[in-house]
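> Show me how the following folds:
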Amino acid sequence: MNKKEISEFEQVQAQLQGLYIEVSSFAKKKPDDAMNSFKLKLINQVIKKANNLLAKRRPFDDFDQFEIDDLPSNSDIVVMISQYLNSLEKLRADNIQSNMRRWYWVIEGKLSDIQTAEPKKIKD
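All right, here's what the predicted structure looks like:
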């Protein structure tokens, strides 16, 4: 990854994490309720960016985004965002290295000065 991709990655991961928290709260109250089209368009925008970053590492080959005409349930969205977060974390884990106790992004095979968090354990 290069610096621009890292910046995009960090933005998309943060947006998806925020969406996950928000939609999870909806899903706990009303899991089967349909998401409204305004929010779904925003979610799809972030998913499109995630698809570009993930390329062939997307969670599901046949999923590009949610259908606006067939509004998914809150719980459906939580499941998909969770899968995207796991895929993004795997991408991040594959592109970072530890230097003593701190973690840094690797750019063009070399440790950069861009610090990041320790990789999370992804549940299988």
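> now the farthest one out in this protein, which residue is it?
The C-alpha centroid of the chain is most remote from Met100, which lies 27.2 Å away (CA atoms, centre = their mean).
> just how off-centre is the lengthiest helix in the chain within its chain?
Counting residues, the longest helix found in the chain (DSSP state H) is helix 3-29. Mean-position distance between helix 3-29 and its chain equals 6 Å (CA atoms, centre = their mean, to the nearest Å).
> go on, stretch 103-111?
Computed by CA atoms, centre = their mean, the separation of stretch 103-111 from the middle of its chain amounts to 20 Å.
> pull the CA atoms of it into CSV?
C-alpha atoms of stretch 103-111 as CSV (Å, rounded to 0.1, in the frame of the first residue of the first chain):
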residue,chain,number,x,y,z
TRP,A,103,3.3,-1.0,14.8
TYR,A,104,3.9,0.8,11.5
TRP,A,105,2.6,0.5,7.9
VAL,A,106,4.8,-1.1,5.4
ILE,A,107,5.2,0.9,2.1
GLU,A,108,7.0,-0.6,-0.8
GLY,A,109,8.4,-3.3,1.4
LYS,A,110,9.9,-0.9,3.9
LEU,A,111,8.7,0.1,7.4
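> tell me the average confidence for it?
Stretch 103-111 carries an average pLDDT of 95.
> Please point out which parts of stretch 46-66 sit buried.
For stretch 46-66, burial by neighbour count (16 or more other CB atoms under 10 Å) applies to Val46, Ile47, Lys49, Ala50, Asn51, Leu53, Leu54, Arg58, Pro59, Gln65, Phe66. Bear in mind the C-beta positions are built from the backbone N, C-alpha and C, glycine included.
> The second one contacts Pro72, doesn't it?
Okay, so that is Ile47. No - using CB atoms under 8 Å, Ile47 is not in contact with Pro72, being 11.7 Å away.
> Can you pull the residues that touch both of those two?
By the contact definition CB atoms under 8 Å, 6 or more residues apart in numbering, Ile47 and Pro72 are jointly contacted by Phe66, Met80.
> Just say helix, strand or coil for the residue nearest to Pro72 when sequence neighbours are not counted.
With sequence-adjacent residues excluded and distances taken as CB to CB, 6 or more residues apart in numbering, Pro72 is closest to Phe66, at 5.1 Å. Following DSSP: H, G, I helix; E, B strand; the rest coil, the label given to Phe66 is coil.
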